[in-house]
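K.L.:
Quick one, fold the following:
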Amino acid sequence: MRIALYQPDIPQNAGTILRLCACLKVEAHIIEPAGFPVSDRHFRRAGMDYLDQVRIVRHDCWAAFARWRTESGLRLVLFSTKAARPYLDHAYSDDDILLFGRETAGVPDEVTAAADARLVIPVAPGMRSLNVAVSVAMALGEGLRQTGGLTTLAAHRTAEGP
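P.N.:
Numbering: from 1, shown residues only. Below you'll find the model as predicted:
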């Protein structure tokens, strides 16, 4: 399972998501252009020293990412407030890329159309959306739970001790 961020524009969120990916041993993909340089102090602070522990793959643009994904034979699962299917009703696979859009604008129609599945994390009536880092944590947690990834991490932790 992989996480992909489409043109992230809030460095603190991206740093937090990359820290999550490091802790859960999940590869992260950033689809450029990002709204900040990777040297941004907010990005570095949110990611702390975990940024050196995560595999980050950068794609110059959507077309480059889409080409890589197709060649790799991976399934694209888009999380969107505009989707209808709840994320808990989806059967996740190790070959999934969980894609999250820009905090300020989501993703364009061509990205939505390219997704193999479009999922929503339901929120209370009158609320727009969750923070993207929270959404990634919820979605990745469910995906790893279904595919046994969390069990594998727990087994490694138990073997290594507290």
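K.L.:
now the helices for the protein?
P.N.:
For the chain, applying DSSP state H gives helices covering 11-24, 41-47, 62-72, 109-114, 132-147, 149-160.
K.L.:
out of these, deepest packed?
P.N.:
Comparing those by mean neighbour count (mean count of other CB atoms under 10 Å), helix 11-24 comes out on top with a mean of 22. (Each C-beta comes from the backbone N, C-alpha and C, glycine too.)
K.L.:
Can you check what angle separates that helix from helix 132-147?
P.N.:
Counting by axes from the mean of the first three to the mean of the last three CA atoms, to 10 degrees, helix 11-24 lies at 20 degrees to helix 132-147.
K.L.:
Quick one: residues in contact with helix 11-24.
P.N.:
3, 5, 8, 26-28, 30, 34-36, 40, 42-48, 50-51, 53-54, 56, 100, 103, 131-133, 136-137, 140, 144, 149-150, 153 (CB atoms under 8 Å, 6 or more residues apart in numbering).
K.L.:
go on, stretch 134-152?
P.N.:
So stretch 134-152 is contacted by 1, 3, 17, 20, 24-26, 79, 87-88, 91-94, 96, 98, 100, 119, 121, 129-130, 153 (CB under 8 Å, 6+ apart).
K.L.:
quick check: mean pLDDT across it?
P.N.:
Mean pLDDT, computed over stretch 134-152, is 94.
K.L.:
can you check stretch 86-93 too?
P.N.:
So the average pLDDT for stretch 86-93 ends up being 98.
K.L.:
who touches that stretch?
P.N.:
1, 75, 77, 79, 117, 119-122, 138-139, 142-143, 146-147.
K.L.:
so how far is that stretch from its chain's centroid?
P.N.:
15 Å (CA atoms, centre = their mean, to the nearest Å).
K.L.:
swap in stretch 75-82?
P.N.:
Counting by CA atoms, centre = their mean, stretch 75-82 comes out at 10 Å from the chain centroid.
K.L.:
just stretch 60-77 next, same as before
P.N.:
14 Å.
K.L.:
Show me what it is in contact with.
P.N.:
With CB under 8 Å, 6+ apart as the test, stretch 60-77 has contacts from 2, 4, 6, 29, 31-33, 59, 90, 92-93, 95-99, 110-111, 114-119.
K.L.:
For the residue nearest to residue 34 when sequence neighbours are not counted, list the residues it contacts.
P.N.:
Nearest residue to residue 34, sequence neighbours excluded (CB to CB, 6 or more residues apart in numbering): residue 8, at 5.3 Å. Taking CB under 8 Å, 6+ apart as the criterion, residue 8 is in contact with 14, 17, 30, 34, 35, 36, 102, 103, 132.
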